[in-house]
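> Next one to model:
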Amino acid sequence: MKVPKKISKRDFIKTAGLTTAAAASATVAAPYVVRAQGAPIKWRMQTYAGTALGEHVIKPSIEAFNKAANGEMVIELYYADQLVPQGELFRAVQTGTIDAAQSDDDSMASPVDVKIFAAYFPFASRYSLDVPTLWHWYGLKEIWEEAYSEVKGVTWLSTGAWDPCNFATTKPIKSVADLKGLRVYMFPTGGQFMSQFGVVPVTLPYEDVEVAIQTGELDGVCWSGITEDYTVGWADVTKYYLTNNISGAWAGSYFVNSDKWNALPPHLQELFKLSIDNSHYYRLHWYWWGEAHYRTQGGKLQLTTIPDGEWQQVVDAAVKFWDEAAQISPRCAKVVEILRKYNEIMEKAGPPYRCA
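Residues are numbered from 1 along each chain as shown. Below is the predicted model of the structure:
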């Protein structure tokens, strides 16, 4: 019988080191690579925003999604009115003409009662952080889920904040009386509210607005804050910016075709939701930076302000408007109740939540 060779402690350590190094080398030489199986899933998505604005409010997040999807899925992004008119956007998602949309419920004609609270519901928010706080901590998320569960074919995913709603015009606004007769590009609900002060709301394709101001068809816009006015070119064709706003932040959402959404594997659903959160976060700091930057360093628009005492009549009119909105349905009444409670809490909390 052959006697096994004795191995010294020194030899054992040397041999073990060589074996470990070889194993490590094999691991490094053959990294794990994820490969898509078959053709990638392809979606078409349209945003409410034009090309210049879309560069900020959605394009970076979609590019990040496509990269992270690693060939398993590709989202083709289209801008305002490129595939379907904005007013037909909800219906297009519902029928599967497009697979997803980024928009407010109001201007895309969502067939739900709570659509009136999207976009710029007058004085519902003071700052951009009010919007995610209302949805995530005061129950609006659950209300939106309930409302869209009653509509076949479309799944609501998330709501986030954009910029405030101010007037940028070719004529100066220094009093409420100066609003009378102004032809202004506005969202449906905001336009309905301001029409009582003589504003004439006008609906046009997004990309036609700048030319309409130049030709005199429009006297201005009340569709955004000053960041968008500069970003999309409206500051080049208007002269004045009213610092009083009718809402502190636009509330916009992401919608998907329900069948297409349910067909996605869970990891791609989660990846898409993460890209939405990425977009929400970017807008919070981009708009917060821009609203102050362009007021102080923009150089194109002259700032005007209606005195607080006079502007109070517009604020007071919103109270009546809220009462009317509460009459639409029990669910709308619940939203109004939440908004009232939220604003009462913010007032009691004081600075920095609300300032006197």
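> wait, isn't Ser253 in contact with Leu157?
Yes - with contacts counted by CB atoms under 8 Å, Ser253 reaches Leu157, the gap being 7.3 Å. C-beta: built from backbone N, CA, C; applies to glycine.
> Looking at those two, which one has more neighbours?
Neighbours of Ser253 and Leu157, each counted by other CB atoms under 10 Å, are more numerous for Ser253; the result is 22 against 18.
> For the more buried one, which residues are in contact?
Gln102, Ser103, Asp104, Asp105, Ala118, Trp144, Trp156, Leu157, Ser158, Thr159, Gly160 (CB atoms under 8 Å, 6 or more residues apart in numbering).
> what two of the residues you listed are the furthest from one another?
Across these, the longest distance by CB to CB is 15.0 Å; it joins Gln102 and Trp144.
> the more surrounded of the two?
Between Gln102 and Trp144, counted using other CB under 10 Å, the more crowded position is Gln102 (26 against 22).
> residue contacts, that one?
Contacts of Gln102 (CB under 8 Å, 6+ apart): Met45, Gln46, Thr47, Tyr48, Ala49, Val57, Ile58, Gly252, Ser253, Tyr254, Phe255, Ser279.
> Same question for Val209.
Tyr185, Leu218, Val221, Trp223, Trp234.
> at 6 Å what do you get?
By CB atoms under 6 Å, 6 or more residues apart in numbering, the residues touching Val209 are Tyr185.
> From the contacts of Ser253, which land in strands?
Gln102, Ser103, Trp156, Leu157, Ser158, Thr159, Gly160 (DSSP state E).
> quick one: which of those is nearest to Lys260?
Leu157 (12.2 Å).
> which residue packs closest to the closest one, ignoring adjacent ones?
Tyr254 (4.5 Å; CB to CB, 6 or more residues apart in numbering).
> what does Val184 give?
Distances taken as CB to CB, 6+ apart put Cys222 closest to Val184, at 5.0 Å, once the chain neighbours are dropped.
> Let me see the contact set for the one you found.
Contacts of Cys222 (CB under 6 Å, 6+ apart): Phe167, Val184, Met186.
> and it, which of the three is it?
Of the three states, Cys222 takes strand under DSSP: H, G, I helix; E, B strand; the rest coil.
> where along the chain do the strands fall?
Under the criterion DSSP E, the chain contains strands at 41-47, 73-78, 100-103, 154-161, 165-169, 183-186, 200-202, 220-224, 240-247, 251-257, 302-304.
> With distance to Arg126 as extra columns, can I get these in a markdown table?
Formatted as a markdown table, those follow (distance: least, CB to CB, whole Å):
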| stretch | distance to Arg126 |
| --- | --- |
| strand 41-47 | 26 |
| strand 73-78 | 31 |
| strand 100-103 | 23 |
| strand 154-161 | 11 |
| strand 165-169 | 12 |
| strand 183-186 | 20 |
| strand 200-202 | 23 |
| strand 220-224 | 17 |
| strand 240-247 | 9 |
| strand 251-257 | 13 |
| strand 302-304 | 19 |
